[in-house]
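In: Quick one: sequence and predicted model below, then my questions.
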Amino acid sequence: MPLLVQKFGGTSVGSIERIEAVADKVISYRNAGNDMVVVVSAMGGETNRLVELARQVDPQARGRELDVLLTTGEQVTIALLAMALEKRGYPARSYTGAQARIMTDSSHNKARIKSIDNVKMTDDLKQGRIVVVAGFQGVDEHNNITTLGRGGSDTTGVALAAALKADECQIFTDVDGVYTTDPRVEPEARRLDTITFEEMLELASLGSKVLQIRAVEFAQKYQVPLRVLSSFEASEGTLITTEYGTDKTMEQALISGIAFNRDEAQLTINGVSDTPGVAYQIIGPISDANIEVDMIVQNVGADGTTDFTFTVHRNDFDTALEALEQTAKRMKAREVSGNNRIVKISIVGVGMRSHAGIASRMFEILATEGINILMISTSEIKISVVVDEKYLELGVRALHDGFDLKTKS
Ligand code: ADP
Ligand code: ASP
Ligand code: MG
């Protein structure tokens, strides 16, 4: 019997009515002759609510106890869904991450899955039960509860599909697939029938929250057929494919999508001596404070001094600024400044590799709208710019229009 792993996100299980609708949907796939494993997120908004509760007790709350708190959201939805299935006459069994033996490392709040012991779940499936698993959580070797980072239920779904050798992992959400950009920002965005893993990885890493990046990495590594589709309407959704997939005739678009990230902040240190080791002296204390640095730009030195600008996650802005001020004192730098009202907009496409002039076209489009670019970074298949946050919507729409993404290439 074919095995499907289906994951339903927060909006899809956001109320009792919606959980009942998920039960009906799962049953329809079951009746069509599939074994079913279902992964659910917490009810929409619940994880944020729990984070806020933790912050009221300790603004710096993180680590083990935060994980104990956050995992309760998914424990509610697995139980409610299993009840709804049983009430309809379909035997079901719910599992928390720990019960499902989703073993992770011990990095609380961003743990990585190491292994899954599928014996019990396989046995349930053999007995004809529907297996319901809490997304976003696991357990480490010392029996501590862990979470997989925000959006982590996607990764649970893919990891289970890999462990159980499912025929497909289906990510049900509140949009009907992967679009050329977030349809909430650009209503003219177009749904893609397929997208390569390479491009999806890039979009996810540059801020497209439709799939957690680790889920895409996992699916690519273990060759899990992965599809994004709507909980609310019937459609084929978007299939994430290998680059050399079956559809070899597929025309490779120049640009496949636009991603953006609102969680960015920029820091600058001016007038540091232009000598070997400066970059290390500046970035070292930032990474020692466990802060990930994204983009880095060092100016060409003049008069023996240089300037250095980098970006970090907005949540880390205050800590990074403090660390940089200490560094500035030590290095006798002229000035430190910061801006946490910036965003990053990126265009992504494997077709870019073989085409010159994409960057200049991107800058031209932004210039026409009067959008000032603060930083630029490029790779073979993406170009990112940092701009003031007030230009996010305008920038995304102008690029979507300028690269003609609403028309199928
Ligand atoms: P879930 O709770 O189901 O996991 P998420 O909010 O995590 O849902 O992800 C779905 C959201 O991702 C959509 O509502 C949409 O606003 C956003 N999104 C961002 N970029 C894209 C894109 N390129 N295509 C589709 N949706 C996108
Ligand atoms: N509930 C978690 C979150 O909001 C995990 C998820 O939904 O994927 O991040
Ligand atoms: Mg999500």
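Out: Thanks, I have the structure now. None of the values given here were measured: they were computed from a predicted structure. Ligands and ions are numbered 1, 2, ... in the order given.

In: State the pLDDT value of the residue nearest to residue 304 when sequence neighbours are not counted.
Out: Leaving aside its sequence neighbours, residue 304 sits nearest to residue 274 (C-beta to C-beta, 6 or more residues apart in numbering; 5.6 Å). To be clear about C-beta, it is placed using only N, CA and C from the backbone, and glycine gets the same treatment. Residue 274 is assigned 86 on the pLDDT scale.

In: Bridged to the nearest residue to residue 1 once chain neighbours are set aside, which residues?
Out: Spatial nearest neighbour of residue 1, excluding adjacent residues (C-beta to C-beta, 6+ apart): residue 35 at 5.1 Å. Applying DSSP bridges to residue 35 gives these bridge partners: residue 3.

In: how close does residue 35 sit to residue 51?
Out: 35 Å (C-beta to C-beta, to the nearest Å).

In: again with residue 379
Out: For residue 379, the distance to residue 51 - C-beta to C-beta - is 32 Å.

In: swap in residue 194?
Out: From residue 194 across to residue 51, the span is 35 Å (C-beta to C-beta).

In: Over to residue 334?
Out: Distance, residue 334 to residue 51, using C-beta to C-beta: 38 Å.

In: what do you get for residue 193?
Out: According to C-beta to C-beta, residue 193 stands 36 Å off from residue 51.

In: Over to the spatially closest residue to residue 95 that is not a sequence neighbour. Which of the three states is it?
Out: Distances taken as C-beta to C-beta, 6+ apart place residue 133 nearest to residue 95, at 5.0 Å, with adjacent residues excluded. Residue 133 falls in the strand class when you classify it by DSSP: H, G, I helix; E, B strand; the rest coil.

In: List the beta-bridge partners for residue 133.
Out: Beta-bridge partners recorded for residue 133 (DSSP bridges): residue 39, residue 95.

In: Quick check, the residue nearest to residue 1 in contact with residue 6.
Out: No. The criterion here is C-beta atoms under 8 Å, and residue 35 misses it with residue 6 at 11.3 Å.

In: Which of the two has more residues huddled nearby?
Out: Taking other C-beta atoms under 10 Å, residue 35 and residue 6 do not tie; residue 6 has more neighbours (25 against 22).

In: and that one, what is it in contact with?
Out: For residue 6, the contact set (C-beta atoms under 8 Å, 6 or more residues apart in numbering) comprises 25-26, 29, 36-39, 157, 169-170, 172.

In: from those residues, which ones fall inside helices?
Out: Among the contacts of residue 6, the members falling in helices (DSSP state H) are 25-26, 29, 157.

In: could these be laid out in JSON lines, adding neighbour count?
Out: Shown next, in JSON lines, are the ones in helices among the contacts of residue 6 (neighbours: other C-beta atoms under 10 Å):
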{"residue": "25", "neighbour count": "18"}
{"residue": "26", "neighbour count": "26"}
{"residue": "29", "neighbour count": "17"}
{"residue": "157", "neighbour count": "34"}
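
In: Let me have the residues you listed in JSON lines, extended by pLDDT.
Out: Compiled in JSON lines, the ones in helices among the contacts of residue 6 are given as follows (pLDDT from 0 to 100):
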{"residue": "25", "pLDDT": "97"}
{"residue": "26", "pLDDT": "98"}
{"residue": "29", "pLDDT": "97"}
{"residue": "157", "pLDDT": "98"}
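
In: Quick one: residues contacting residue 383.
Out: Neighbouring residues of residue 383 by C-beta under 8 Å, 6+ apart: 346-347, 352, 358-359, 362, 376-377.

In: Next, it: phi, psi?
Out: Here the main-chain torsion angles of residue 383 (degrees, to the nearest 10) amount to phi -130, psi 130.

In: Of residue 194 and residue 51, give the one with the bigger neighbour count.
Out: More neighbours surround residue 194 than the other of residue 194 and residue 51, with 19 against 14 (other C-beta under 10 Å).

In: pLDDT score for the more buried one?
Out: Residue 194 is given a pLDDT of 93.

In: Does it touch residue 242 like I think?
Out: No. Using C-beta under 8 Å, residue 194 makes no contact with residue 242, being 10.2 Å away.

In: tell me the contacts of residue 100?
Out: By C-beta under 8 Å, 6+ apart, the neighbours of residue 100 are 116, 120-121, 133-134, 160.

In: Repeat the analysis, applying 7 Å as the threshold.
Out: Residues in contact with residue 100 (C-beta atoms under 7 Å, 6 or more residues apart in numbering) are 121, 133.

In: Equivalent analysis for residue 185, please.
Out: Counting by C-beta under 7 Å, 6+ apart, residue 185 has contacts 393, 396.

In: Sticking with it, tell me its helix or strand.
Out: If you go by DSSP states H and E, residue 185 is not part of any helix or strand.

In: Do me a favour and get the backbone dihedrals for it.
Out: The phi/psi pair for residue 185 (degrees, to the nearest 10) is phi -100, psi -40.

In: Could you do the one 10 residues further on as well?
Out: The phi/psi pair for residue 195 (degrees, to the nearest 10) reads phi -150, psi 140.
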